[in-house]
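Enquirer: below is the sequence, then the predicted model.
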Amino acid sequence: MALNGTRIPPLSARVGQACYSCFAEPSVETNLSRCSKCRSVSYCSPECQQRDWISHKAFCKTLYAIEHDSASKTVLVTSLSVTPSLDCFQKAIHFIGLAERSLNRPLNAIERNLIAYEPKCLSCLSSSRSNRILRMENSDPQASLQSCPQCHLAFYCSDEHWGPVAFNHMSTPCEDGYRGLSQCELNQNLKVDARFARIMGSASGPVRIFQWAPERLRTRWIPLPEEGDWDKEYGDELRSMAGGGGPPLGPFLRGSSEGLSFPLTILYALQNLNNDDVWTQRKSLTIHILGASLDKEFSYSSVFEEILHRLPKVQSLTLLLCGPDLKGMTGSTGKAIDMDTCPQLRTYHEYARGLGDKFVKPDFAIAFNSGLSQEAVASWAETIRFLVAERIPTAFTSYNRDEAEAETNILRNSGANLVLGPKRNPWEVKC
Ligand SMILES: [Zn+2]
Ligand SMILES: [Zn+2]
Ligand SMILES: [Zn+2]
Ligand SMILES: [Zn+2]
């Protein structure tokens, strides 16, 4: 992820476990030292700190000022809510508001992350900042919070608080995670991936999106297995591409799954929506992607070719990406890209209705993680009414079970005939 050409620091850097400038983790040669003023970020060397100072300076002073102001200090250590997680959330919102008022501008994503992801005790959710204020410590803030010995991305304030949560953190499958991995294992993957991204892209420049689609062509359609085993599906090809050695496969697979999940989810849905293989014998296939965004479906658009690689009978694949986010899309030249989408119309139903008689129903439509139960609810409701009225086979994916259930209710209430779900997508992004 990049912000005006600056990479957004990975979680490890946001919680002070990696250099905030080059994202290097501590090692035998590298020790991290905290910014002595805000104590929210760490650096591996004076050079890294100097390089980051221009962008960090104003925010650093603001953090320091808020933490030392008696009125805001009181709010940061007083409970605002009886629910600890809500309390954290409210405090973060409050803190962001204070910082924005003091800086007289909205915070950017990098700055908001630093406040929102501040290390907190897994058990009582007290933060290093509130501990620091309470104890009036000017020493190492890590003295108030210890980190998990395995991932160093989870924290606890005392041994009494670590004991009851350690097993859950290290061994219980994470509800929204991938294939039974625990929070700690997911965190460890995240660190490997951050290391991988550091190698693949330059830390100071915009990160290169790792895109990979296999070159092999299948001679016939082979149904996708029910268990989304990315290693089984792509591991060998990736390994041979890397010459057997090279960087560890984990981050390659996870990086690949980020793009390949789009075509595989489409194929998996089509395979489940059809009772036979007739759809795989078609000469052409038209798929509409609803609510598409610039940094997701559009930037990964070349990966959709995997659909053709798996469906040898299909000679032409038409993808239509439609979504308000694609409006004003610009290429690296700064000029708008001429695309066959709906630049002046905002949503799918507007686009389709705008075409009138010229609208050709797709074979299939899909909306990836639309959040239709949370955002632009009225607009999505209109799109769903249109899809139901036109009887367009459509799939919706969501980030987690709660969203999936909320979306299922909306779809059911709109008169949609639910065939597939809600069910877990075995070809979800592996991370
Ligand atoms: Zn550094
Ligand atoms: Zn600082
Ligand atoms: Zn605690
Ligand atoms: Zn851990």
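Expert: Yep, that arrived. Computed from a predicted structure; not experimentally measured. Residues are numbered from 1 along each chain as shown. Ligands and ions are numbered 1, 2, ... in the order given.
Enquirer: which stretches of this structure form strands?
Expert: Counting by DSSP state E, the chain has strands at residues 2-3, 6-7, 33-34, 42-43, 146-147, 155-156, 284-290, 316-322, 364-367, 394-396.
Enquirer: quick check: which of these is nearest to residue 73?
Expert: strand 33-34 (19.6 Å; C-beta to C-beta). Heads up, the C-betas are built off the backbone N, CA and C, glycines and all.
Enquirer: so what strands line up beside the closest one?
Expert: strand 42-43 (antiparallel) (DSSP bridges).
Enquirer: can I get the strands of the chain in TSV with mean neighbour count?
Expert: Formatted as TSV, the strands of the chain follow (neighbours: other C-beta atoms under 10 Å):
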stretch	mean neighbour count
strand 2-3	13
strand 6-7	18
strand 33-34	15
strand 42-43	24
strand 146-147	17
strand 155-156	25
strand 284-290	21
strand 316-322	18
strand 364-367	23
strand 394-396	23
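Enquirer: per-residue confidence at the closest residue to residue 92 other than its chain neighbours?
Expert: Residue nearest to residue 92 in three dimensions, not counting chain neighbours: residue 116, with 5.0 Å by C-beta to C-beta, 6 or more residues apart in numbering. Listed pLDDT for residue 116 reads 84.
Enquirer: residue 116 and ligand 4, how far apart?
Expert: Note on residue 116: its distance to ligand 4, by C-beta to the ion, to the nearest Å, is 19 Å.
Enquirer: now swap in residue 198 and tell me
Expert: In this view, residue 198 and ligand 4 are 21 Å apart by C-beta to the ion.
Enquirer: shouldn't that residue be in contact with residue 21?
Expert: No. Residue 198 lies out of contact with residue 21 (C-beta atoms under 8 Å); the separation is 11.7 Å.
Enquirer: give me the more crowded residue out of these two.
Expert: residue 21 (24 against 18; other C-beta atoms under 10 Å).
Enquirer: OK, contacts around the residue nearest to that one when sequence neighbours are not counted?
Expert: Nearest residue to residue 21, sequence neighbours excluded (C-beta to C-beta, 6+ apart): residue 48, at 3.7 Å. Under the criterion of C-beta atoms under 8 Å, 6 or more residues apart in numbering, the neighbours of residue 48 are 19, 20, 21, 22.
Enquirer: which parts of the stretch 1-150 of the chain sit against ligand 1?
Expert: Residues of the stretch 1-150 of the chain found near ligand 1 (C-beta under 5 Å from the ion) are 19, 21, 22, 24, 44, 48.
Enquirer: what does the fourth one show for phi and psi?
Expert: Backbone geometry at residue 24, expressed as degrees, to the nearest 10, gives phi -70, psi 140.
Enquirer: in this structure it contacts residue 42, no?
Expert: No. Using C-beta under 8 Å, residue 24 makes no contact with residue 42, being 10.2 Å away.
Enquirer: common neighbours of those two, please.
Expert: residue 18.
Enquirer: what is the nearest of the contacts of residue 48 to ligand 3?
Expert: Ligand 3 lies nearest to residue 20 out of the contacts of residue 48, by C-beta to the ion, at 24.9 Å.
Enquirer: list the contacts of that closest one.
Expert: By C-beta under 8 Å, 6+ apart, the contact list for residue 20 reads 9, 13, 35, 41, 42, 43, 48, 52, 56.
Enquirer: 6 Å instead?
Expert: Residue 20 sits next to 9, 13, 41, 52 when contact means C-beta atoms under 6 Å, 6 or more residues apart in numbering.
Enquirer: now it, nearest residue through space, not along the chain?
Expert: Closest residue to residue 20 apart from its sequence neighbours, by C-beta to C-beta, 6+ apart: residue 41 at 4.0 Å.
Enquirer: what's the answer for residue 60, then?
Expert: Per C-beta to C-beta, 6+ apart, closest to residue 60 is residue 38, 4.4 Å.
Enquirer: how much space separates that neighbour from residue 58?
Expert: Distance from residue 38 to residue 58, counting by C-beta to C-beta, to the nearest Å: 11 Å.
Enquirer: neighbour count winner among the two?
Expert: Between residue 38 and residue 58, residue 38 has the larger neighbour count (other C-beta under 10 Å), namely 19 against 14.
Enquirer: which bits of the stretch 101-250 of the chain sit near ligand 4?
Expert: Contact residues (C-beta under 5 Å from the ion) of the stretch 101-250 of the chain with ligand 4: 148, 150, 151, 154, 184.
Enquirer: how about the third one, what does it touch?
Expert: So the one you mean is residue 151. Taking C-beta under 6 Å, 6+ apart as the test, what residue 151 contacts is 184, 187, 188.
Enquirer: the last one too?
Expert: When contacts are counted by C-beta under 6 Å, 6+ apart, residue 184 is found next to 150, 151, 169, 170.
Enquirer: rerun at 7 Å
Expert: Neighbour list for residue 184: 148, 150, 151, 154, 169, 170 [criterion: C-beta atoms under 7 Å, 6 or more residues apart in numbering].
Enquirer: span of stretch 145-155 from start to end?
Expert: 6 Å (C-alpha to C-alpha, to the nearest Å).
Enquirer: I'd like the numbering to begin with 7 instead of 1 from here.
Expert: Got it, first residue is 7 now, which makes that one stretch 151-161.
Enquirer: does ligand 3 sit close to it?
Expert: No. Stretch 151-161 lies out of reach of ligand 3 by C-beta under 5 Å from the ion, never closer than 8.3 Å.
Enquirer: how far off centre is that stretch?
Expert: Relative to the centre of its chain, stretch 151-161 is centred 22 Å away, using C-alpha atoms, centre = their mean, to the nearest Å.
Enquirer: quick one: average pLDDT of it?
Expert: 91.
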